[in-house]
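Novice: with the input below, show me the fold.
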Amino acid sequence: MRKLTLGVLGGMGPEATVYFFSKLVAFDKVEKDQDHLHIIIENNPSIPDRTRHLLFNEENPIPAMLSSLRLLEQAQADVAAIPCMTAHAFLSTLRTQAKIPILSAFEIMAEKIPILFPGLRKLGILATTGSRELRLYESHLPAFECLWPDQEIQEEMVMEAVYGQEGIKAGNSGSYPRNLLVTASRNLAAKGAEAIIAGCTEVPLVLRQSDLNMPLIDPMTLMAEHMVEYARNHGSAT
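Specialist: Reported below is the predicted structural model:
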């Protein structure tokens, strides 16, 4: 059986890419090194910021993302994933120009959440303001009510935790961003959220299930598990 080669279109940001890679390896249960799937990571942190493009029409990230996708294709990746939730705003465009399948974390969530959490209806979203303004979660998860933090909390806690000078993208994985996200999660709980979606790939780098009194759903974990299953199920005989 020929094993498929996995491609990761990463760098948005680098720590989130490392986190996703670690999840892929963890879900790829084998007896020895040589049995693992081949994974190619294109970690390009120079891809323009997705949120700033969506909110302020700054530099378009699509050309750089397509360049990374071409490198994965040239390296003979069979399937790709993007460990950045906001970047999924551009997924339909990327798919029209891709030569290989690109998995969607949103499509995987829509399939998996009802199975893992039957009866769940109200999702509290911790994600970038770009995802919020574009209504990415509402459009991709129509079976659920998507709840967002109050606007002030969104900017001063969620975005600060991710983009602030002491935030996660600045390399801080300590108590400061964690406490901000915990406070934002409590705001969502007060609104009626039944689970929290780690809707920006930086969020699960600091927020843990033990920090919450409701389920924490990590799209990157769901996508990593699905990607490994996809590769194992779609390998071909040699």
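Novice: alpha carbons only for contacts and neighbour counts from here, please
Specialist: OK.
Novice: can you tell me how far Val8 is from Leu123?
Specialist: Separation of Val8 from Leu123 (Cα to Cα, to the nearest Å): 27 Å.
Novice: I meant Val228, not that one.
Specialist: Relative to Leu123, Val228 is positioned 26 Å away (Cα to Cα).
Novice: those two: which is more packed in?
Specialist: More neighbours surround Leu123 than the other of Val228 and Leu123, with 24 against 21 (other Cα atoms under 10 Å).
Novice: element containing Ile125, please.
Specialist: Per DSSP states H and E: Ile125 is located in strand 122-126.
Novice: what about dumping the CA coordinates of the helix or strand just after that strand to CSV?
Specialist: Sequence-wise, the next helix or strand downstream of strand 122-126 (DSSP H and E) is helix 129-134. Extracted in CSV, the C-alpha atoms of helix 129-134 (Å, rounded to 0.1, in the frame of the first residue of the first chain):
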residue,chain,number,x,y,z
THR,A,129,-12.3,39.6,14.3
GLY,A,130,-11.7,38.9,10.6
SER,A,131,-13.5,35.6,11.0
ARG,A,132,-16.2,37.4,12.9
GLU,A,133,-16.8,40.1,10.4
LEU,A,134,-16.8,37.6,7.5
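Novice: how far does helix 129-134 sit from its chain's centre?
Specialist: A distance of 14 Å separates the centroid of the chain from that of helix 129-134, by Cα atoms, centre = their mean, to the nearest Å.
Novice: for it, name the packing helices and strands.
Specialist: In terms of contacts (3 or more Cα pairs under 8 Å, 6 or more residues apart in numbering; DSSP states H and E), helix 129-134 is packed against helix 50-56.
Novice: one more time with 10 Å
Specialist: helix 50-56, strand 122-126, helix 136-140 (3 or more Cα pairs under 10 Å, 6 or more residues apart in numbering; DSSP states H and E).
Novice: from the chain's centre, how far out does the longest one sit?
Specialist: Here the centre of mass of C-alpha atoms in helix 50-56, compared against the chain's by Cα atoms, centre = their mean, lies 17 Å away.
Novice: list the buried residues in it.
Specialist: By neighbour count on 16 or more other Cα atoms under 10 Å, the buried set for helix 50-56 is Arg50, Thr51, Leu54.
Novice: what's the separation between Ala127 and Asp218?
Specialist: Taking Cα to Cα, one finds Ala127 at 11 Å from Asp218.
Novice: same question for Lys32.
Specialist: Lys32 is 28 Å from Asp218, by Cα to Cα.
Novice: the two - which one has more neighbours?
Specialist: Asp218 (20 against 7).
Novice: dump the residue contacts of that one.
Specialist: Residues near Asp218 by Cα atoms under 10 Å, 6 or more residues apart in numbering: Ala105, Met109, Ile196, Ile197, Ala198, Gly199, Cys200, Thr201, Val203, Pro204, Arg208, Gln209.
Novice: sweet, I'm off.
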